[in-house]
Each structure stands twice: as structure tokens, then as C-alpha cells.
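Enquirer: turn this into a structure:
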Amino acid sequence: MAKAIMIQGTMSNAGKSLLAAGLCRIFKQDGYKVAPFKSQNMALNSFITNEGLEMGRAQVMQAEAAGIQPSVLMNPILLKPTNDVGSQVIVNGEVLGTMSARDYFAYKKKLLPDVMKAYKTLAEEYDIIVIEGAGSPAEINLKEEDIVNMGMAKAAKAPVLLVGDIDRGGVFAQLIGTVMLLEEDEKAMVKGLIINKFRGDKTILDPGVEQLEELARIPVVGVAPYLDIQVEDEDSLTERFEGTQQVGLIDIAVIRLPRISNFTDFNPFESVPGVSLRYVKRAGELKNPDMIILPGTKNTMEDLLWMRQNGLEAAILKEAAKGKIIFGICGGYQMLGETLSDPHHVEAGGEIQGMGLLAMDTVFEEEKTRTRVGGTFRKVGGPLSRLEGVQLEGYEIHMGESRLKEGVLQVTDITDGVTKASKMDGACQGNVYGSYVHGIFDKEEVAKKIVESIGEIKGLDVSEMTGVDFQAFKETQYDILAEGLRKHLDMKKIYEILEEGI
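Expert: Next up, the predicted model:
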């Protein structure tokens, strides 16, 4: 059976996911077969495996760092919030149902056998499992029947490294407070502390580190720097949303919907010099973009009404009338049509008008489409005609089916990775485009052709504004992450903790 080590945090967004990915990369570089694991993940950013199963993107990112194919075994439970008090519950990659927070809290202990079966299957195949916790282990109102923090650590017999975020302030209180709220047997499982996201002169921090070790009676195994690594974020806590609003030579605005999902679709544009990718949630922030993207969402109809109420829909329609490129992905694609109908109450039920930019109607079905796809852009009209013949790949994950009307071009010929059947996807009507395919911009040639198309419209020389192979780019980022952590973590001590276990 594999040896295990667990990364827990004092709070959400303390950097657990990135540290776990870094350790996966380090262990891989050191010659071990390593896999990530998180028993329960809550995020709207999900991924479809080759088998057509759904899992959280954080473990996909960690699997990439480990050099292995993602598997739902690495994330047996995924919670996708549908509103402030409820989530769609996905178990072993398939939808179990939608539950309120209270109902799920009462039900989750029944899922422990699924969690342990997934973990043991991985542990039989790999040398090391890097387990990630969720939120904080010191949520004393939620500790009963815990299956994701200390409960998981006990089940896997995994020593724990506890991570605090110094960038948000109060890191010593975070770490000491968390340790104090643990039971004695849980404290004994915490074998190391990590201060994360540090900027500045570490010698100024050293006296505090010494006191922390004395008070906690747990060694500090590293002070990790704030690393500017471009890998995929897990959820809406991403700092990408708070990024610069400065406009580049080519400006792309992504509408920051309240329930935005799979925003990693747009990361490839961030690596193109001269291109600004801005997340916009108010009409006044839209400015004068060259391309507007409507992203995926967990609740298409409510997010469309949100845009309608705050003036963003009207602003987008105005830009579309000027000839600006509008591109919708999944839920954003559905919004661009004429009507959205929900006869089975998949969302809120009923029927609403769409934005009317594409001649199509969408009906929400009870069955979720989950599959990986690959294919080619077919005859594409309008300003993005350069995409014709370009290959693409990605995945579909949606509840709706869209029916196109006369006058709309279908954008792509694709092959379903699960059924192996050929089908057509997406729509083009003038300067408005849409597709169900997440990851449609990932291939270098796709992003490049879009940048070239906008450059031609604006009369810009974009010969130097080439994209990059996004997969190759991510590989370099994982190596940079591993190199940075090796410098600032006591890897000798971490290997000792791994060997000793609990």
C-alpha cells in the first residue's frame, strides 16, 4: 500500500491545492509513482475524464503535476453549488442528486465506503498519495462524521502538514488557533506547519517562527514564497477575478457571472503577449473590448436574469450590434439563443427569453451530457473565419440541448469520446459564436487564429503575439513550482514524516 501525506489548511484558499501539486511534482521527479486525492471537493470548475465521468479540476491539475491521467478515484465526491444553501452531489463521477447543506451533512457519512474504496484502489497502484483537505479541520460545528480533513487523515493513516496563509494576515493565530481546536489525537497527527505565500525578508519572520514552534510543539517545515505560477485554479476564490483591468492591444472581456464555472477555459489567452483578459461584473467595467466571452455557469437562467437586471445584457447587445465578437461557452452559449426552457425544473423551471443573438432554442433535459470530444472547426463565418479547418479538443458537461434554426452555421464537427459517434456542435451567426465544448481555446492554433482575426480587424501587426502550447506551458509551470518549493520546504523532514507515518 502507498504511503500517504496530507495537506490541510487553516482556511479556504490557504494554498493547499498548489502545495499538494508541488509535492506531487517533487515526488514524481524523485522517481516515485504518486497520485493526488481529495475525498470531497466543492467547486464549480469540473473536468470530464476519458470515461465521461466528472471530477474537480484541482485534482486534475495535481494529476498533471504527477504526470498521470486524471481519474475520479482521485475525487470521489464533488459538490457543485446550485445556490447559497444547496449543491448538486456527484459521487464517483455521476450525479447523485441535489441536496441542501443540512441534508448533505446528514447524508455524507453514507458515502464513506465510496471514499475509502476509491482511496484504497489508488493506494494499491501508487507509491505515494498526496491527500488534500478542504477548508479547515477546525470547523468545530462540522467535525462530526468528517470525511475530508482529520477523519480522512485517520482513515488513511496520513500524517498532516498544516498550511497557513500569511498573505491574508494573522498567520500565527491561524496556525495556533487551528491546532488548539483539534482533539488531542488529531494534534498528534499534525507533524509539520507551513507558512505559505510569504513575501519579503524571511529573517524578519524567523523570531515568530521560533515562537510558533514553541507554542504549537510542532516543527515549521517551510516558509513557502508567494509563487506567481500560472496553473488552473479550483474555484471562485481565484485571484484571476481580481486581476488587472488594464486594456492590452487586444482586449478580451469575460463576464464574471455569479455562478461562473470552468473559467479555466480562458487561461490560454493569458499567455499571449499583448492580450488582456479581464473579468467583468458591471456594465461600467466592460469598456470597449474586442471580444466578449460569456462563460459556463451552474445556473444559466438565473445568471442571465442577473445580467438583465444589472445592465450587462444591454451593454453586450450594444457591443454585438457594433460588430464586436461575442462568444458563448456552454451556459453562456445557451444564453445567446432566443428561448431557454426548463420543463423538468433542472434549474428554476419555466421559460425565459434569451439574448436573441443566435436563432436557437434551448431545453434543459434531466440527463447530463458528460463526454470528452475532439474535432475540427468546419466552415466558420464572420470575423473568426480563420478558424476553419483548425483542430480542437475539450469536453462537454451540460444539462441542456440547443436546437438551431435557419440561418445559423454549425461551428464544429466533433467525435464523442465516450460513444465514438460523430456529431456537430455550436453555432455561428454573423459576429456571434457559441459552443458546448469546454477547453475549446486550449490548442495553440485556436487562440492564435482568434488573436490574428482580431488583429486583422484592428489593423495590428500580431506576428509577435503568438500563443503557446498550453499543455507544454503548464509542464514548465509545474517544474517551476517544484523548484520553488524545494528551495523553501525542508524536504528531508517531509520525507521523514512520510516514512514515519502516524
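Enquirer: so Leu384 lies in a helix, does it not?
Expert: Yes: in this structure, Leu384 lies within a helix as judged by DSSP: H, G, I helix; E, B strand; the rest coil.
Enquirer: so which strand or helix has the closest residue to it other than its chain neighbours?
Expert: Among residues not flanking Leu384 along the chain, Ser453 sits closest, at 5.2 Å (Cβ to Cβ, 6 or more residues apart in numbering). No exception for glycine: its C-beta is placed from N, CA and C like everyone else's. Remark: Ser453 resides in helix 444-458, with elements defined by DSSP states H and E.
Enquirer: who's in contact with that helix?
Expert: 249-250, 268-269, 272, 275, 290-291, 325, 377, 383-387, 390-392, 440-441, 460-462, 465-470 (Cβ atoms under 8 Å, 6 or more residues apart in numbering).
Enquirer: how many neighbours does the residue nearest to Leu384 have?
Expert: By other Cβ atoms under 10 Å, the residues close to Ser453 number 22.
Enquirer: look up how far Asn196 lies from it.
Expert: In this structure, Ser453 and Asn196 are 41 Å apart, going by Cβ to Cβ, to the nearest Å.
Enquirer: next secondary structure after the host helix or strand of Thr178?
Expert: For Thr178, the host element (DSSP H and E) is helix 171-180. Later in the chain than helix 171-180, the nearest helix or strand by DSSP H and E is helix 184-187.
Enquirer: now whichever helix or strand comes after that next one against helix 171-180, angle please.
Expert: Per DSSP H and E, the first helix or strand lying C-terminal to helix 184-187 is strand 190-198. Computed by axes from the mean of the first three to the mean of the last three Cα atoms, to 10 degrees, the angle separating strand 190-198 from helix 171-180 equals 160 degrees.
Enquirer: quick one: average pLDDT of strand 190-198?
Expert: Model confidence over strand 190-198, given as mean pLDDT, is 97.
Enquirer: which residues does the helix or strand following that strand contact?
Expert: Next in sequence after strand 190-198, counting helices and strands by DSSP H and E, comes helix 202-216. With Cβ under 8 Å, 6+ apart as the test, helix 202-216 has contacts from Phe172, Leu175, Ile176, Val179, Leu193, Ile195, Phe198, Pro219, Val220, Val223.
Enquirer: now do the same contact list for the first one.
Expert: Under the criterion of Cβ under 8 Å, 6+ apart, the contact partners of Phe172 comprise Gly164, Gly208, Gln211, Leu212.
Enquirer: out of the contacts of helix 444-458, which are inside strands?
Expert: Ile250, Val275, Met291, Ile325, Phe377, Gln391, Leu392 (DSSP state E).
Enquirer: show me how the protein divides into domains.
Expert: Domain ranges of the chain: 3-231+475-500, 250-464, per automatic domain parsing.
Enquirer: measure the last one end to end?
Expert: Distance between the boundary residues of domain 250-464 (Cα to Cα, to the nearest Å) amounts to 13 Å.
Enquirer: now do the longest one
Expert: When the termini of domain 3-231+475-500 are compared using Cα to Cα, they are 9 Å apart.
Enquirer: same check, this time on stretch 279-294
Expert: For stretch 279-294, the separation between the terminal residues is 10 Å (Cα to Cα).
Enquirer: who's in contact with it?
Expert: For stretch 279-294, contacts defined as Cβ under 8 Å, 6+ apart pick out 240-241, 243, 245, 247, 250-257, 263, 266, 278, 310-312, 314-316, 319-320, 324-329, 331-333, 335-336, 450, 454, 457-458.
Enquirer: filter the residues you listed down to the ones in helices?
Expert: Judged by DSSP state H, the subset of these located in helices is 310, 312, 314-316, 319-320, 331-333, 335, 450, 454, 457-458.
Enquirer: ok so, going back, can you dump the C-alpha coordinates of the helix holding Ser453 into PDB?
Expert: Extracted in PDB, the C-alpha atoms of helix 444-458 (Å, rounded to 0.1, in the frame of the first residue of the first chain):
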ATOM      1  CA  GLU A 444      -2.300  26.800 -29.500                       C
ATOM      2  CA  GLU A 445      -3.700  27.200 -33.100                       C
ATOM      3  CA  VAL A 446      -7.200  28.100 -31.900                       C
ATOM      4  CA  ALA A 447      -6.100  31.000 -29.600                       C
ATOM      5  CA  LYS A 448      -3.600  32.100 -32.300                       C
ATOM      6  CA  LYS A 449      -6.300  32.300 -35.000                       C
ATOM      7  CA  ILE A 450      -8.600  34.300 -32.800                       C
ATOM      8  CA  VAL A 451      -5.800  36.800 -32.000                       C
ATOM      9  CA  GLU A 452      -4.900  37.000 -35.700                       C
ATOM     10  CA  SER A 453      -8.600  37.700 -36.600                       C
ATOM     11  CA  ILE A 454      -8.900  40.500 -34.100                       C
ATOM     12  CA  GLY A 455      -5.600  41.900 -35.100                       C
ATOM     13  CA  GLU A 456      -6.700  42.000 -38.800                       C
ATOM     14  CA  ILE A 457      -9.900  43.800 -37.800                       C
ATOM     15  CA  LYS A 458      -7.900  46.400 -35.900                       C
END
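Enquirer: check the offset of that helix from the chain's centre.
Expert: Put simply, helix 444-458 sits 25 Å off its chain's centre (Cα atoms, centre = their mean, to the nearest Å).
Enquirer: how far off helix 202-216 does the helix holding Thr178 point, in degrees?
Expert: Using the same axes, to 10 degrees: helix 171-180 against helix 202-216 is 20 degrees.
Enquirer: among the contacts of helix 444-458, which ones are buried?
Expert: Buried subset of the contacts of helix 444-458 (neighbour count, 16 or more other Cβ atoms under 10 Å): 249-250, 268-269, 272, 275, 290-291, 325, 377, 383-384, 386-387, 390, 392, 440-441, 460, 462, 465, 467-468, 470.
Enquirer: wait, what's in contact with Pro36?
Expert: 20-21, 24, 59, 62-63, 65-66, 74, 129-132.
Enquirer: with pLDDT and distance to Asp425 added, can I get the ones in strands among the contacts of helix 444-458 in CSV?
Expert: Shown next, in CSV, are those (pLDDT from 0 to 100; distance: Cβ to Cβ, whole Å):
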residue, pLDDT, distance to Asp425
Ile250, 93, 26
Val275, 92, 25
Met291, 98, 20
Ile325, 98, 18
Phe377, 96, 10
Gln391, 95, 14
Leu392, 95, 10
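Enquirer: which of the residues you listed sit farthest apart?
Expert: By the measure Cβ to Cβ, Ile250 and Gln391 form the most distant pair in the ones in strands among the contacts of helix 444-458, at 22.6 Å.
Enquirer: so Met307 touches Thr300, yeah?
Expert: No: between Met307 and Thr300 there is no contact under Cβ atoms under 8 Å: 10.8 Å.
Enquirer: which residues are common contacts for those two?
Expert: Common neighbours of Met307 and Thr300 are listed as Met335 (criterion: Cβ under 8 Å, 6+ apart).
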